[in-house]
Structure formats: structure tokens, C-alpha cells
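S.K.: mind folding the following:
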Amino acid sequence: MRLWHEDLIEKLPRQQLLGQHRECCALRGGGWGKKHATVNYVFNYSPYKLFQYHSKVMNEMILRGYSPNTEWFNPLYRGLKEPPYTSLDPVEPTIPIYPDHTDSYYQECVDNLLGKGIIIL
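M.R.: From the prediction side, this is the model:
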């Protein structure tokens, strides 16, 4: 489980892009707050930041002809098994969305993809 560096979203192959969508759905739903080494940092921020990141993933999916469930574009939505948030204060977007997505994290992600035989230019 990992959130790819946001600068890689538009470069991800189909399988990784769709996997990223599933990962975001899981984290926004019942996975929120459940520790996992590579994504623990997301829990240091408002769930709204995850919504912002997920929106970037879904917008890329739409550009490629996929149709993610539009309910996920609602920041309060948490999937079918979790009740929605009753309120969630919007967070001003930052670049990058997660400060943890540094240049070294970008390289770590590129190296991870390379290990899977995926070359990102």
C-alpha cells in the first residue's frame, strides 16, 4: 500500500492508477486510522487532504476514460460500509498536497515502479 507521489499520478500505468483509486477508497473508508508503514503519514493530516489527493487520481481516471463513482467526489463520503462524515472542514490545497511527497519520496516511488519493471520518464 502506498500513495504515489502526486507528480506521478498522470504518468502511472493503468494498473497502478486504478490501484491508487482503490487504495484511496480504502483509506477514506474503513482504513482511516489503521496504521500501515507506507501510508501512516496521511493520518497526521485532515481526511480532507486525502480527499484532495483522491480527487487528483479520479480526475486522471476520467481523462483516461474511466468512470469512478461520483459519490467519491463528495469529501464526506466514506464508501458503502462507513457512515459519511457529518462535517469536514475544507483545507486549503497545498503543493504538494502532502508535504511528505518530497523529491526523495518521488525518487523512492520511481525506484519502486522500476522494481516492478515500470519505467517512468
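S.K.: what comes up buried for the top helix by length along the chain?
M.R.: Ordering each helix of the chain by length in residues (DSSP state H) puts helix 47-63 first. Of all the residues in helix 47-63, those buried under the rule 16 or more other CB atoms under 10 Å are 47-58, 60-61. For glycine as for every other residue, the C-beta is placed from the backbone atoms N, C-alpha and C.
S.K.: got the buried residues for the very next helix or strand once past it?
M.R.: Per DSSP states H and E, helix 47-63 leads on to helix 103-115 as the next helix or strand towards the C-terminus. Using 16+ other CB under 10 Å as the test for burial, helix 103-115 gives Tyr105, Tyr106, Cys109, Val110, Leu113.
S.K.: got JSON lines for those residues, with distance to Arg28 and pLDDT too?
M.R.: Compiled in JSON lines, those are given as follows (distance: CB to CB, whole Å; pLDDT from 0 to 100):
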{"residue": "Tyr105", "distance to Arg28": "21", "pLDDT": "97"}
{"residue": "Tyr106", "distance to Arg28": "23", "pLDDT": "96"}
{"residue": "Cys109", "distance to Arg28": "21", "pLDDT": "96"}
{"residue": "Val110", "distance to Arg28": "26", "pLDDT": "97"}
{"residue": "Leu113", "distance to Arg28": "24", "pLDDT": "96"}
